[in-house]
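A.B. asks: structure of the sequence below:
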Amino acid sequence: MTTTESSATAAPPASPTSQATKETLEDYTLRFAPRSYRRWTPMVVATTALGGIAYMADFSIGAGIGLAHGTGNALVAIAVAAVVIFVTGLPLAYYGARYNIDLDLITRGSGFGYYGSVLTSVIFASFTFIFFALEGSIMAQGLELGLGLPLWLGYLVSTLMVIPLVIYGMKALSKLQVWTTPVWLLLMVGPLVYLVTTDPGTVDRFLAYAGTDGEGGVDTASVLLGAGVCLSLIAQIGEQIDYLRFMPPKTEANKRSWWTAVLMAGPGWVILGALKQAIGVFLAVYIIAEVGADAAPEPIQQFKGAFDAMMPSWLVIPLAVALVVISQIKINVTNAYSGSLAWTNSFTRVTRHYPGRMVFVLVNLGFALALMEADMFSFLNDILGFYSNCAIAWVVTVATDIGVNKYLLKLSPLQPEFRRGMLYAVNPVGVVAFVAASGLSIAMYFHALGDTLQPYSPVAAAVIAFVLTPFMAAVTKGRYYLRRTEDGIDEALLDADGNPAATTYDCHVCHQSYERPDVAACATHDAVVCSLCLSTDKTGDHVLPEQAPVAVVAPVV
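C.D. replies: Numbers count the residues shown, from 1 in each chain. Coordinates of the predicted model:
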């Protein structure tokens, strides 16, 4: 079946646009981000993406690891986790920026299938509300210190204040992140530089700190336990890709700035994250010497202590509270935004009904508020240590499918696919690898396989996912990646430069124009249907039938 290309200057459709279409044309929930929308420069996209990692949780995570295991073990653990996060994040960031799709859409075509990736969407949504709750708790601590608000009210304030900001999608978030980043950097870096230059002894105390249970040496178990906590942040790449999918097309003219932006704002986020964790250890050791151990893990107390050393007392608390509030807003608008996308994505596929993203903004915030009121901050490392096993299994599985199955074994299709009808419901390659890796590593984490193996649960999650993903692809011979190899449209998905083609087509269901990667031929009409209308097709009338089974061999691009 062939389709007729629509004119770029066609008159607006007469029929009204549905609520689903209106919402998804603002932030392109559930779908490919078209070239016509992606008007930002690579550096603006990168700055917006990096603005989302202004969270204060890194300081708490670093402090918690340092207090438990000592500075030496903490720094090695942070470095090990950073390397793993960078290596696994690179292929994901590249695919998101190159093909302009979010991590869920990447996951669908990278081993999980159309419905199989619902599992990982829930994992990612959980990541967003866990870290929203963590940041909200930190902000509530700041509001308690600065304004005397009780914690329960601070939790509520930190939750409600992000709602107006997150409604408007990428356009509003890009402005917020760009304008607040310089202030945030100044408030974060200034105290650290002052302490190091005016009191070099703080560095010596920091390097010598042995931890509450440590002896000052570096040991494998402590490093792996600490790395497991840090690796809970591996799913942060999903939030980075929620911005990177709006990168402009990669061309010969912009390739240097394009790659710089992808590396900085993709896997490069972890470099700043690791530095913040190390600073958290430093400030915790400083606070122990000045105030005591009880306050050391709380970022508001860390920066209050640092500001105390460099400025008048009347200015200390206002600046510390300002830093915490700015950081919380910058990250939690991203958490609420990305979480709403993940929940909406899952719900729409399972029910074939689009309820509106705002519904899931409120759902995500509800989960986060419940965690805050349950005082999750007091058992932070336990939550993150458990969660990291699921996150590692997912990210390593998808990264391995891209790096190994697509480019080395050529058993997975190189061009990403996410449309209903083109993918099988479930692909055993990713689902089996993910379930096995997360299940076994969680069992190890809860001592089911003995105390000796417990610290190695994050390593097990990564290794099992890395081994099983290509093994399952070889066993199935790539049979379950594509339900169809043709979508019924003559034009190629990619243009001559390898970027998604920008030709527009009219969806005959919602009567809107969409670019080539976001449409497929209709099964019952000589017309095209957009990806969201395919997702919400309750009867399957528009979904193309399955083609004869073929083994997939990735094309050379």
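
A.B. asks: end to end, how far does stretch 194-202 reach?
C.D. replies: Using CA to CA, to the nearest Å, one end of stretch 194-202 lies 11 Å from the other.

A.B. asks: for it, the averaged confidence score.
C.D. replies: In this model, stretch 194-202 has an average pLDDT of 85.

A.B. asks: now do stretch 41-54
C.D. replies: Mean pLDDT, stretch 41-54: 82.

A.B. asks: report the buried residues of that stretch.
C.D. replies: Neighbour counts using 16 or more other CB atoms under 10 Å place 42, 44-54 of stretch 41-54 among the buried residues. Yep, even glycine has a C-beta here, placed from its N, CA and C like the rest.

A.B. asks: the residue nearest to Val432 when sequence neighbours are not counted sits in which helix or strand?
C.D. replies: Spatial nearest neighbour of Val432, excluding adjacent residues (CB to CB, 6 or more residues apart in numbering): Met472 at 5.3 Å. Element membership for Met472, per DSSP states H and E: helix 457-476.

A.B. asks: output the contacting helices and strands for whatever helix or strand comes next after that helix.
C.D. replies: Using DSSP H and E, the helix or strand that follows helix 457-476 in sequence is strand 504-506. Applying 3 or more CB pairs under 8 Å, 6 or more residues apart in numbering; DSSP states H and E, one finds that strand 504-506 makes contact with strand 513-515.

A.B. asks: ok, 10 Å please
C.D. replies: Where contact means 3 or more CB pairs under 10 Å, 6 or more residues apart in numbering; DSSP states H and E, strand 504-506 is packed against strand 513-515, strand 519-521, strand 528-530.

A.B. asks: pLDDT (mean, whole number) over the last one?
C.D. replies: The one in question is strand 528-530. For strand 528-530, the mean pLDDT works out to 94.

A.B. asks: who are the packing partners of that strand?
C.D. replies: If contacts are counted by 3+ CB pairs under 10 Å, 6+ apart, strand 528-530 sits against strand 504-506, strand 513-515, strand 519-521.

A.B. asks: how about those strands, which one is nearest Val426?
C.D. replies: Among those, strand 519-521 comes nearest to Val426, with 19.9 Å by CB to CB.

A.B. asks: report pLDDT for the residue nearest to Val432.
C.D. replies: Confidence at Met472, expressed as pLDDT, is 97.

A.B. asks: contacting residues around Arg245?
C.D. replies: The neighbours of Arg245, taking CB atoms under 10 Å, 6 or more residues apart in numbering as the test, are 28, 32-33, 38, 45, 95-103, 105-106, 170.

A.B. asks: recalculate using a threshold of 8 Å.
C.D. replies: Residues counted as contacts of Arg245 (CB atoms under 8 Å, 6 or more residues apart in numbering) are 28, 33, 96-97, 100-102.

A.B. asks: dump the residues you listed to a markdown table, plus distance to Asn332.
C.D. replies: Converted to a markdown table, the contacts of Arg245 look like this (distance: CB to CB, whole Å):
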| residue | distance to Asn332 |
| --- | --- |
| Tyr28 | 21 |
| Ala33 | 23 |
| Gly96 | 22 |
| Ala97 | 24 |
| Asn100 | 25 |
| Ile101 | 24 |
| Asp102 | 19 |
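
A.B. asks: let's have those in CSV, adding pLDDT and distance to Leu323.
C.D. replies: Converted to CSV, those look like this (pLDDT from 0 to 100; distance: CB to CB, whole Å):
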residue, pLDDT, distance to Leu323
Tyr28, 71, 33
Ala33, 89, 32
Gly96, 94, 30
Ala97, 95, 30
Asn100, 93, 34
Ile101, 93, 35
Asp102, 90, 30
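
A.B. asks: now the residue nearest the centre of the chain. Nearest residue, chain neighbours left out?
C.D. replies: For the chain, Gly238 is the residue whose C-alpha lies nearest the centre (CA atoms, centre = their mean; 2.2 Å). If the residues on either side of it in the chain are set aside, Gly238 comes closest to Leu103, at 4.2 Å by CB to CB, 6+ apart.

A.B. asks: these two touch, right, that neighbour and Tyr243?
C.D. replies: No: between Leu103 and Tyr243 there is no contact under CB atoms under 8 Å: 11.4 Å.

A.B. asks: sorry, back to before: out of the helices and strands packed on strand 528-530, which one sits most buried?
C.D. replies: The highest mean neighbour count among the helices and strands packed on strand 528-530, using mean count of other CB atoms under 10 Å, belongs to strand 519-521: a mean of 25.

A.B. asks: against which helices or strands is that one packed?
C.D. replies: Using 3+ CB pairs under 8 Å, 6+ apart: strand 519-521 touches strand 528-530, helix 531-535.

A.B. asks: ok, now with 7 Å
C.D. replies: Applying 3 or more CB pairs under 7 Å, 6 or more residues apart in numbering; DSSP states H and E, we find strand 519-521 packed against strand 528-530.

A.B. asks: for Val396, give me its contacts.
C.D. replies: 88, 462, 465-466 (CB atoms under 7 Å, 6 or more residues apart in numbering).

A.B. asks: that older thread, buried sites along the helix holding Met472?
C.D. replies: Buried, per 16+ other CB under 10 Å, within helix 457-476: 457-462, 464-466, 468-470, 472-473, 476.

A.B. asks: which of the residues you listed lies closest to Gly305?
C.D. replies: Relative to Gly305, the closest of the buried residues of helix 457-476 is Pro458; by CB to CB it sits at 31.6 Å.

A.B. asks: in what helix or strand does the closest residue to that closest one other than its chain neighbours lie?
C.D. replies: Leaving aside its sequence neighbours, Pro458 sits nearest to Gly228 (CB to CB, 6+ apart; 4.0 Å). Using DSSP H and E, the element containing Gly228 is helix 220-230.

A.B. asks: that helix to helix 457-476, inter-axis angle?
C.D. replies: Going by axes from the mean of the first three to the mean of the last three CA atoms, to 10 degrees, helix 220-230 is angled at 70 degrees with respect to helix 457-476.

A.B. asks: now do helix 220-230, average pLDDT.
C.D. replies: 88.
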